[in-house]
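> my questions are about this predicted structure, shown below with the sequence.
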Amino acid sequence: MTRTPQRPRTQPGGPRTGSGRARRALRVPAAPVLLAAVLALSACAAPDVEADEPLGDWSQIQEEARGQTVSLWMWGGDPQGNAYVDDVLAPAAAELGVTLRRVPVADTKEALNRILAERQAGRTDGEVDLVWVNGENFRTGRQAGAWRCGWTSALPNAEYLDPGDPLLGKDFGTDVDGCEAPWHKAQFTLVYDSAKVPEPPTTFEGVLDWAEANPGRFTYPAPPDFTGSVFVRQALYSVSGGHEDVPLQFDQDAYDRLTPPLWERLRELAPSLWREGRTYPRDSTALDELYAGGEVDMTMTYGPATLTSLVEKGTFPATTRVLPLEEGTVGNASFLAIPATSPDPEGAMVVANLAMSPEQQAAKAHPDVWGQFTVLDEQRLDPGQRAAFEALPDSPVVPPYPVLARGANPELAAAWVPAIDEGWRRNVLAAAR
Amino acid sequence: MTGGRRAGGQPGGRAGAVLVRGSLLLWFLLPLVPLVLWAAAERWSAPAVLPQRWGTAGWSAAAEAGAAPAFARSLLLGAAVAAIATPAGALAARALAHGLVHRSRLVSALLLAPVALPPFAVVMGLNVLLLRARVPALVGVVAVLVVAALPYTTYVLRVAYAGYDTSYEEEARLLGATPRAVWWRVRLPLLAPALAGAAFLAFLVGWSDYIVTVLIGGGRLVTYPLLIASAASGVGNEAVVAVLSLTSLLPPLALLLLAGASGLRGRGGRGRPSPAAAAAPAREVVVR
């Protein structure tokens, strides 16, 4: 489940406050020696971390990687993902002489905060070696020079990737530039209960019409929740006449031209929503709970892979189905990035390469294992490798990725996201109050 | 609790006290009911009032997520914080209570400051300093948590020292006890309940911390709160979260019973207003 990208609540410059406080405290006459020492420590400039040093050829990297311990920081809210890393990926890494340690976090930006602090302190022996990341967190890290770059082309398994794949070249509009290796693909998906919606709509506008015809049975999470935010972007594509009509790179003119009809449409929709649109679920978890409790008939997710197990566990009704849209939905990929402060980049590269191997990608795509969609181009696989993907069982709930991703819409550049989230708050949420 | 005995004379007051205590108990226990049910549920989808299928899936999932080693790490962290913050708090409290420091108000305010400061902001700033000073991650975590625990230990022990009657020590000295014996056989037993209360609070600081452990610890220490927070950030993890949350109550509960027992012991026997009373604020803070 790709809930990884979350807008960092703290600014990259945040850690500076510490030294500022120390400086002020020094004016107190009785300031102890300790504070002076702290001041001296915080005053020395952080040396630049040389992130792009050449790493030698692959056999050399593999040799260096032996005996290294790689700490993989990843969002830990998906037990299947945790189990896959612990029980499948880590043992395979151990065979290559790399110890893989998973660090579960509640939010990926905690990994970023740690890396930025290490970077600010000029450390190159950091605690984070790999991060499961995309979108806003990746962009913030790039701006701060937090990632090691230009290493992914050295991975032997990169030959199975389609170099022209738009989802892998740009991560929410930010150039990937070899700063992160692809791991999964995800597709924004609307989900409905076929017992309650016997004739589901087939377009996004149709979904909004259905919501108006069935008052109180539909809602969406309030942006800046990740899923709510992508719903509003999908709505922007819909009211603008398709994703082709929205420039991927943010510009204020396009925003001023395209968003008023969007706000108009969403305001018009609001009275038909759950609780008359006076309030919205605070995040996708809250919406999922409403759906699981039968209070609404549709939900939405950026990680449809987990739907099968949610239905099996009984969290979602057995009649849960995916709602394909004629115009397609927004898709993205998530990646493994190596921080510039990692002391074990070779081990991290070996793990990233392993995670991208056809064997691991096929194992991970199995719904009983994790059900994450592959980033590989099946055309580039040999027949034996392709057979592993073809042998994957069909889910009664989720169609296979190629069906799901048909006509996939690209993600808007990360700079669009906060602008649209804020615009929604002012123009839609505020109007309801 | 001795309230019942005291109120014994007035039947109306007694009924009131029972009512208050009963509703307090309900207030604390009610939120635990869904947790207990979820911990034993394998399938519980709305609108069913009770789980449709019972089982131990949550327990095995918690074990698979590494609950046992994380539990042990959290216990160690809590114990380390308590072991440092309690004696340090006792020293500070003694100095403050006996007027051994100048500007004791300023010093008290400084000692209490960590309670008022938002931990996230403090940690973000401190982390860079600790990294620059090359303080090892684990040492950093314990050091920062000790500072966070000091306000509690200092406060509890300061109250104890304020009510501490030094004439017991003088009497023992007059009777020929060595300073060492006085320390061990008079002062420590008299302060024991307050020390237990303070150590309990310091333990809780280490036991329940998330942000310091994750950011300053740099992922070295995957503790119980890290597991709970990451599990709770996903959908459909109710059973695991319930199991982890319920088991996370066990150490504090066990310690509370222990501290309570030592508090009662301190209260009995001597028949005088004892430093045991100092343990009372500890409970209030916990309850909050």
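Everything's here; your move.
> so where's the longest helix in chain A?
In terms of residue count, the longest helix belonging to chain A (DSSP state H) is helix A:252-269.
> pLDDT of that helix, averaged?
Here helix A:252-269 scores 95 as its mean pLDDT.
> which residues of the chain score low on pLDDT?
Answering for chain A, as no chain was given. For chain A, the stretches with pLDDT under 70 are A:1-55, A:433.
> I was after chain B.
Along chain B, the model assigns pLDDT under 70 to residues B:1-12, B:45-47, B:262-288.
> which residue is nearest the middle of it?
With distances taken as C-alpha atoms, centre = their mean, the residue of chain B nearest its centroid is residue B:201 (2.7 Å).
> beyond the host helix or strand of that one, next helix or strand please.
The secondary structure element spanning residue B:201 is helix B:188-208 (assigned by DSSP states H and E). Tracing the chain C-terminally past helix B:188-208 and defining elements by DSSP H and E, one meets helix B:211-215 next.
> could you pull out the helices for the stretch 301-433 of chain A?
Under the criterion DSSP state H, counting those that start in this stretch, helices of the stretch 301-433 of chain A are mapped to A:307-312, A:345-355, A:358-365, A:383-390, A:401-404, A:416-424, A:430-432.
> same deal with the stretch 151-288 of chain B?
B:167-174, B:179-182, B:188-208, B:211-215, B:224-232, B:238-248, B:250-267, B:279-287.
> would a markdown table of those with distance to residue A:343 be doable?
Every residue, glycine included, has its C-beta placed from N, CA and C. Formatted as a markdown table, the helices of the stretch 151-288 of chain B follow (distance: least, C-beta to C-beta, whole Å):
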| stretch | distance to residue A:343 |
| --- | --- |
| helix B:167-174 | 55 |
| helix B:179-182 | 49 |
| helix B:188-208 | 28 |
| helix B:211-215 | 18 |
| helix B:224-232 | 22 |
| helix B:238-248 | 31 |
| helix B:250-267 | 34 |
| helix B:279-287 | 41 |
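> element containing residue 107?
Because you didn't say which chain, this covers chain A. Using DSSP H and E, residue A:107 falls within no helix or strand.
> my bad, the chain I had in mind was chain B
Assignment of secondary structure by DSSP H and E places residue B:107 within helix B:104-116.
> tell me which helix or strand comes right after that helix.
Next along the chain after helix B:104-116, taking DSSP H and E as the criterion, comes helix B:119-132.
> the inter-axis angle of that following helix versus helix B:104-116?
Direction vectors for helix B:119-132 and helix B:104-116, defined by axes from the mean of the first three to the mean of the last three C-alpha atoms, to 10 degrees, enclose an angle of 100 degrees.
> list the buried residues in helix B:119-132.
B:119, B:122-132 (16 or more other C-beta atoms under 10 Å in any protein chain shown).
> out of those residues, which touch chain A?
B:122, B:124-129, B:131-132 (C-beta under 8 Å from any C-beta of the partner chain).
> check those and tell me the two furthest apart.
Farthest-apart pair in those is B:122 and B:132; separation 16.1 Å (C-beta to C-beta).
> still on that earlier bit, residue A:139: which of the buried residues of helix B:119-132 is nearest?
Looking at these and their distance to residue A:139, the nearest is residue B:124, at 19.8 Å (C-beta to C-beta).
> the closest one reaches residue A:114, doesn't it?
No - checked against C-beta atoms under 8 Å, the pair residue B:124 and residue A:114 is beyond contact range at 10.3 Å.
> hmm, back to that, okay, the helix holding residue B:107 in PDB with CA atoms only?
Taking Å, rounded to 0.1, in the frame of the first residue of the first chain, the C-alpha atoms of helix B:104-116 are listed here in PDB:
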ATOM      1  CA  SER B 104      15.900  28.300  43.300                       C
ATOM      2  CA  ARG B 105      12.800  29.500  41.400                       C
ATOM      3  CA  LEU B 106      14.800  29.900  38.200                       C
ATOM      4  CA  VAL B 107      16.400  26.500  38.700                       C
ATOM      5  CA  SER B 108      12.900  24.900  39.300                       C
ATOM      6  CA  ALA B 109      11.600  26.600  36.300                       C
ATOM      7  CA  LEU B 110      14.500  25.300  34.200                       C
ATOM      8  CA  LEU B 111      14.000  21.800  35.600                       C
ATOM      9  CA  LEU B 112      10.300  21.900  34.700                       C
ATOM     10  CA  ALA B 113      10.800  23.400  31.300                       C
ATOM     11  CA  PRO B 114      10.900  20.100  29.400                       C
ATOM     12  CA  VAL B 115       7.300  19.500  30.300                       C
ATOM     13  CA  ALA B 116       6.300  22.700  28.700                       C
END
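> got the contact list for that helix?
Contacts of helix B:104-116 from elsewhere in the structure, counted by C-beta atoms under 8 Å, 6 or more residues apart in numbering or on different chains, are B:92, B:96, B:101, B:122, B:147-148, B:150-152, B:154-155.
> just the buried members of those?
Buried among those (16+ other C-beta under 10 Å): B:92, B:96, B:122, B:147-148, B:150-152, B:154-155.
> would you mind giving the residues you listed as CSV with distance to residue A:329 added?
Written out in CSV, the entries for these read as follows (distance: C-beta to C-beta, whole Å):
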residue, distance to residue A:329
B:92, 60
B:96, 63
B:122, 42
B:147, 49
B:148, 46
B:150, 53
B:151, 51
B:152, 51
B:154, 57
B:155, 56
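> now, among those, which is nearest to chain A?
residue B:122 (7.9 Å; C-beta to the nearest C-beta).
> okay, the closest one and residue A:122: tell me how far apart.
With distances defined as C-beta to C-beta, to the nearest Å, the gap from residue B:122 to residue A:122 amounts to 21 Å.
> returning to that earlier point: and the two most separated of the contacts of helix B:104-116?
By the measure C-beta to C-beta, these have their two most distant members at B:101 and B:122, which lie 23.9 Å apart.
> just to revisit the earlier point, hmm, the helix holding residue B:201 in reach of chain A?
No - judged by C-beta under 8 Å from any C-beta, helix B:188-208 and chain A are separated, with a smallest distance of 14.5 Å.
> elements contacting that helix?
Using 3 or more C-beta pairs under 8 Å, 6 or more residues apart in numbering or on different chains; DSSP states H and E as the contact definition, the elements that helix B:188-208 packs against are helix B:67-97, helix B:137-162, helix B:224-232, helix B:250-267, helix B:279-287.
> ends of stretch A:353-364, how far apart?
Start to finish, the residues bounding stretch A:353-364 are 14 Å apart (C-alpha to C-alpha, to the nearest Å).
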